[in-house]
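Enquirer: got a sequence here, can you model it:
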Amino acid sequence: MLVVYGNQIKVYQRPGKRRTNPRQDIARAYAVIKSFKQELYHRFPTIQFMQVDTMDHFVDWIAQTHKNQAIARRLEAPMHVRRTPRVQTDARIAALAAIPGITETHARAMLEMFGSVPRLLRSKTTQKQLMEIPGIGRSKARLILSLRDQYEVNEDE
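Expert: I've put the predicted structure just below:
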């Protein structure tokens with residue numbers, strides 16, 4: 001970010017040189033500033049340009065920016081809580097992984113063994129069959145099979 005403060009143009013007159021019209025010099029100086037800004041925006045589009053009137057305004061802007069960043073840091077989740085973006089997975093795996101205690105690895109293993117969610121939830125599936133999957137114990141198997149009561153499963157699948 002490029003911050004410029006002060007907007008008062010003072011024309012420098014060399015001693016001994018013929019005096020020119022100060023209004024023309026000021027107009028020329030504003031034209032130079034305008035062309036500088038345009039060139040800056042054109043050549044460096046990622047640099048932000050800001051102009052403030054006084055140093056006090058600049059200090060106020062810095063203080064407010066610092067305060068906003070401090071608030072944002074307090075509001076964001078700590079590093080150990082942040083989740084890494086997940087790669088899109090199969091909807092069936094995502095549905096099974098939404099069950100408390102079931103990971104994506106467990107869900108993949110269940111789908112490999114049973115082929116589909118309806119086959120997994122059919123009435124012929126036993127708790128013992130589910131417990132054959134590594135990481136699935138008695139309580140997780142019961143939790144998975146309790147989904148039968150909540151959802152109607154077509155036995156033909």
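
Enquirer: any idea how far Pro22 lies from Phe44?
Expert: According to C-beta to C-beta, to the nearest Å, Pro22 stands 32 Å off from Phe44. Heads up, the C-betas are built off the backbone N, CA and C, glycines and all.

Enquirer: next helix or strand past the helix or strand that contains Arg74?
Expert: Using DSSP states H and E, Arg74 maps to helix 55-75. Scanning forward in sequence from helix 55-75 by DSSP H and E, the next helix or strand is helix 91-97.

Enquirer: in that following helix, what's buried?
Expert: 92-93, 96-97 (16 or more other C-beta atoms under 10 Å).

Enquirer: what's the offset of that helix from the middle of its chain?
Expert: Here helix 91-97 is found 24 Å from its chain centre; the criterion is C-alpha atoms, centre = their mean, to the nearest Å.

Enquirer: any idea of the mean pLDDT for that helix?
Expert: For helix 91-97, the mean per-residue pLDDT is 84.

Enquirer: which strands and helices lie in contact with it?
Expert: helix 104-114, helix 117-121 (3 or more C-beta pairs under 8 Å, 6 or more residues apart in numbering; DSSP states H and E).

Enquirer: could you rerun that using 6 Å?
Expert: Counting contacts by 3 or more C-beta pairs under 6 Å, 6 or more residues apart in numbering; DSSP states H and E, helix 91-97 packs against helix 104-114.
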